[in-house]
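Q: My questions concern the predicted model and sequence given below.
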Amino acid sequence: MFFRSAAKFAVSRGLPRTAEKVPNCIVSFGHEFRLHFVNHPGVMAVTKLLELRALVEKRANFTQGNIDEMKNFDEELAAKAQIAYDNGVAINMKELLDIEANLPKLLEEKAQLENARSVAHSLPEGQYNYPPGLDISKCKGVPDHQAKEYLH
C-alpha cells in the first residue's frame, strides 16, 4: 500500500503537467432578457448552441412500429407520420399536423443537408473554411443574410 501511494506521488511530481487552465469567456445568453456572465468556454459553447432554437428543436424519425402504435390512438396523426416516414423526413411533432403543406420545403432541406454532409465529409482534415458554392438557403435555422453571406 505504501509503495503504491509513494509511486503515484513520485510519478505525479516527476512528470510535467501538460494541461493548463482555460481562460474564462464572457457569455451572453437569452433572447428576450439578455444575461451576461463570465464562464468557461465550454459552457459558452453549450449556451450558444441552446440559444439557436432551430438547432435544439427535436425532430422525430419515425419507424413503421411507431406508426403502427400511433394508429391505436390517432389514425389521422398516424397517416401524417406515414407521409414523413415514406419520404424519409425528420419532423417536429408540432409541424407534423401541417406536413402536407410543408413537405416540399422539408424535402428541399433534406436534399441540401445531405449535400452539405457529403461536402463536409470530403473536406481535407484541418480545413474548416466554409466550402464555396454550398447552398444552405432552405435549411431551417439558417438566417437568410447568413446563407447569402456564405454563398458569395
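A: Nice, I can see it.
Q: Quick one: list the elements packing against the helix or strand where residue 67 lies.
A: If you go by DSSP states H and E, residue 67 is part of helix 64-71. If you count contacts as 3 or more CB pairs under 8 Å, 6 or more residues apart in numbering; DSSP states H and E, helix 64-71 packs onto helix 75-87. Quick note: C-beta positions are derived from backbone N, CA and C, even for glycine.
Q: Can you list the buried residues in the helix it packs on?
A: Within helix 75-87, the residues that qualify as buried are 78, 80, 81, 82, 84, 85, counting by 16 or more other CB atoms under 10 Å.
Q: Next: stretch 121-137.
A: residue 136.
Q: max-length helix in the chain?
A: helix 99-122 (DSSP state H).
Q: Output the helix holding residue 67 as PDB, nothing but the C-alphas.
A: The C-alpha trace of helix 64-71 is given here as PDB (Å, rounded to 0.1, in the frame of the first residue of the first chain):
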ATOM      1  CA  GLN A  64     -43.100   1.600 -39.000                       C
ATOM      2  CA  GLY A  65     -43.500   0.300 -35.500                       C
ATOM      3  CA  ASN A  66     -44.000   3.800 -34.100                       C
ATOM      4  CA  ILE A  67     -46.600   4.500 -36.800                       C
ATOM      5  CA  ASP A  68     -48.500   1.200 -36.100                       C
ATOM      6  CA  GLU A  69     -48.600   2.100 -32.400                       C
ATOM      7  CA  MET A  70     -50.000   5.600 -33.300                       C
ATOM      8  CA  LYS A  71     -52.800   4.000 -35.200                       C
END
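Q: Kindly confirm my reading that residue 36 forms part of a strand.
A: Yes - according to DSSP: H, G, I helix; E, B strand; the rest coil, residue 36 belongs to a strand.
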